[in-house]
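[1] Sequence first, predicted coordinates after that:
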Amino acid sequence: MTGLHWILWDGDCGLCRRLIEWVRRKDTCGRFRDAPYRQAPSPPMTPELERACARAVHVVTADGRVLRAGRASLFVLENIGWGGTARMLALPPFIWIVELGYRIVAANRPLLSRFLFRGA
């Protein structure tokens, strides 16, 4: 590993692209490296991880842990300055709500992208 955390995302979704741009601006300590999962180097990419990344954002931490979906999102937030909030949301029952919210947003990305960023 490089000592950086990898964010592996789909590379196509406008909503995801905007969120990655926001993370890049907020990552003032340079803790993250991001890549569309189809373009990510190996390591961290593996065939198994590539299949999983088709369904949700993933973070591969500098120590090799693999986080997905809501937990990956909370890890990113914790490391870009939202630590207290992210740690609280990682606890039950909040994590269940985060994961449900992630699924709803992920299932509706095209609609949300058009709605949130029209005219932008």
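    It's in. Residues are numbered from 1 along each chain as shown.
[2] drop to CA atoms for contacts and neighbour counts, all remaining ones
    Fine.
[3] Let me see the contact set for residue 95.
    Residue 95 sits next to 70, 71, 89 when contact means C-alpha atoms under 8 Å, 6 or more residues apart in numbering.
[4] Setting the sequence-adjacent residues aside, check what's closest to the first one.
    Nearest residue to residue 70, sequence neighbours excluded (C-alpha to C-alpha, 6 or more residues apart in numbering): residue 99, at 4.9 Å.
[5] burial measure for the one you found, as a count.
    17 (other C-alpha atoms under 10 Å).
[6] per-residue confidence at it?
    On pLDDT, residue 99 comes in at 98.
[7] Checking it next. Helix, strand or coil?
    Judged by DSSP: H, G, I helix; E, B strand; the rest coil, the three-state class of residue 99 is helix.
[8] separation between it and residue 117?
    The spacing between residue 99 and residue 117, counted by C-alpha to C-alpha, to the nearest Å, is 24 Å.
[9] Same check on residue 89?
    Going from residue 89 to residue 117 by C-alpha to C-alpha gives 27 Å.
[10] The two: who's more crowded?
    Each of residue 89 and residue 117 has its neighbours counted (other C-alpha under 10 Å); residue 89 has more, 18 against 11.
[11] Just confirm residue 69 contacts residue 98, I think it does.
    No - here residue 69 lies out of contact with residue 98, judged by C-alpha atoms under 8 Å, at a distance of 9.0 Å.
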